[in-house]
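**Student:** Curious how this folds, go ahead:
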Amino acid sequence: MTETHRRLARRALAGAAMLGAAAFGMASATFEAAAQDAIYVPLFTYRTGPFAGSGIPIADGMHDYLSMLNERDGGIGGVKIVVDECETGYDTKKGLECYEAVKGKKPVLVNPWSTGITLPLIPKASVDKIPILSMAYGLSASARGDIFPWVFNPPDTYWDGLGIILRYVGMQEGGGVEKLKGKKIGYIYFDGGFGKEPIPLFEQLAKDFGFDLKLYPVAPGDMQNQSSQWLAVRRDRPDYMVMYGWGAMNPTAIKEAAKINYPMEKFVSIWWPGEDDIRGVDGAKGFKMINWHGIGTDFPALKDIQKHVVDKGLSKAPKDKVGELLYNRGVYNSMLIAEGIAQAQKLAGKKAVDGTDVRRGLENINLDDARLKELGLAGFTGPLKLTCDNHNGHRPAFIQQWDGAKWVKISDPIEPMADKVKPALDAAAQDYAEKNSGWPKRTEPCDKAS
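**Tutor:** Residues are numbered from 1 along each chain as shown. Presented below is the predicted three-dimensional model:
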């Protein structure tokens, strides 16, 4: 491990320790125990508070896909899924309370849906035998399945996303990442676990490629008051702006950027803004973000959700919201849940699987084109294969742009910056294990579904 990678790893670990989520809605959740012949899947969601604008459509998409499997297929492998939501308000303390409330009911996995909640759950996963699915969020280093056998974060880490964004910026400058030299890049981010996660890599890449990085943190309590940050942006005049925002932070940032006439075609976000973050914002046309899956309902699985769930009044989502970006993000998440369970059933040779079985199942996800077609999701997303060592996939993603009314795909898939990201991620994973006294070496077998 080089000194550079050690330093990066230490800083990533320090950033991970700062869980950073402000206290929001503390509504209590009630749970019904799962029947012994059912599969219990709790969903940690946030339908209240300043993050609800992002949390509601994701919760709806997750819930509706699993409900569709129950209604259409009788569950997975003939076993019903017990879907149970626990309201976290995106608050770490409340998220941990949700975890304690559900773990005795033998969940087959948990979805924290917050980096701040994910980080303190990572040490618990191997002890409680409950796998964590932190889909495209959480600790980037947990992609290393040999060190984090109970944590899964497909299809990309936040570090992958940063590499994709910087590669795209280089393309916009007429070449590759070497074109970043001498440029000024601003980073506006949620000042918590999520937004801090990519900073160590970002700062290292600034040194490697010779660009000037400007940081603009947004405190959780100031998400709707970013005037000072954007006054600084107007002063600094960065060539490009990168955003890692969530909840009320996203629409506020877009509005403030438009207010200072920042060129939207040079404002690129990680994969979290949805239509409601940008729809109706004057001057927002041209804003860009990363994505890896389809939008809309022109996929057989989405049509089945409409038929078996929405049309029957079993969804909380308004009909015109089904198929929007974050709704479909929730669908993607629950597709991963269902595939982990289906693979677990094959491997275990039984229908009512537990967390240990589903950990093995997630490790054997192989969403090739044929399987995606079988699921009714051909063309919805690219292939994804997880292994014992690789719990992420590190998949290419594309750039999409707001045309004033809808998202439009404007690039081919762009590969993550593996030559820079992988060594840094490997170093951070090793450092995490070294710094956490008694971190267990992997003893879980590596097996494959037939």
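**Student:** Which of the helices or strands spans the nearest residue to Ile58 once chain neighbours are set aside?
**Tutor:** Distances taken as Cβ to Cβ, 6 or more residues apart in numbering place Gly330 nearest to Ile58, at 4.2 Å, with adjacent residues excluded. All C-beta spots, glycine's among them, are computed from the backbone N, C-alpha and C. Using DSSP states H and E, Gly330 maps to helix 325-348.
**Student:** so what's the residue nearest the centre of the chain up against?
**Tutor:** The centre of the chain sits closest to Ala136, judged by Cα atoms, centre = their mean, with a distance of 2.9 Å. Ala136 makes contact with 153-158, 161, 271 under the criterion Cβ atoms under 8 Å, 6 or more residues apart in numbering.
**Student:** now those in CSV, with neighbour count and secondary structure?
**Tutor:** Converted to CSV, these look like this (neighbours: other Cβ atoms under 10 Å; DSSP: H, G, I helix; E, B strand; the rest coil):
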residue, neighbour count, secondary structure
Asn153, 25, coil
Pro154, 26, coil
Pro155, 23, coil
Asp156, 28, coil
Thr157, 28, coil
Tyr158, 24, helix
Gly161, 27, helix
Trp271, 21, coil
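**Student:** Would you reformat these as TSV and include distance to Lys319 and pLDDT?
**Tutor:** Formatted as TSV, these follow (distance: Cβ to Cβ, whole Å; pLDDT from 0 to 100):
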residue	distance to Lys319	pLDDT
Asn153	32	98
Pro154	29	98
Pro155	28	98
Asp156	30	98
Thr157	34	97
Tyr158	33	97
Gly161	31	98
Trp271	25	97
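**Student:** Can you lay out those as a markdown table showing distance to Met264?
**Tutor:** Formatted as a markdown table, these follow (distance: Cβ to Cβ, whole Å):
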| residue | distance to Met264 |
| --- | --- |
| Asn153 | 30 |
| Pro154 | 30 |
| Pro155 | 27 |
| Asp156 | 24 |
| Thr157 | 26 |
| Tyr158 | 23 |
| Gly161 | 19 |
| Trp271 | 17 |
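**Student:** can you map out the strands along the protein?
**Tutor:** Listed in chain order, the strands of the chain (DSSP state E) span 39-45, 81-87, 132-133, 151-152, 184-190, 212-218, 240-244, 267-269, 288-291, 366-367, 384-385, 398-402, 407-409.
**Student:** Within its sheet, name the partner strands of the first one and how each one runs.
**Tutor:** The reference is to strand 39-45. Here strand 39-45 is paired, per DSSP bridges, with strand 81-87 (parallel).
**Student:** Flag the shaky bits of the stretch 301-450 of the chain, pLDDT-wise.
**Tutor:** For the stretch 301-450 of the chain, applying pLDDT under 70 flags the ranges 448-450.
**Student:** And the helices in it, which stretches?
**Tutor:** 325-348, 355-362, 369-374, 418-435 (DSSP state H, counting those that start in this stretch).
**Student:** what's the closest of the ones you listed to Lys181?
**Tutor:** Checking the helices of the stretch 301-450 of the chain against Lys181 by Cβ to Cβ gives helix 418-435 as the closest, at 15.0 Å.
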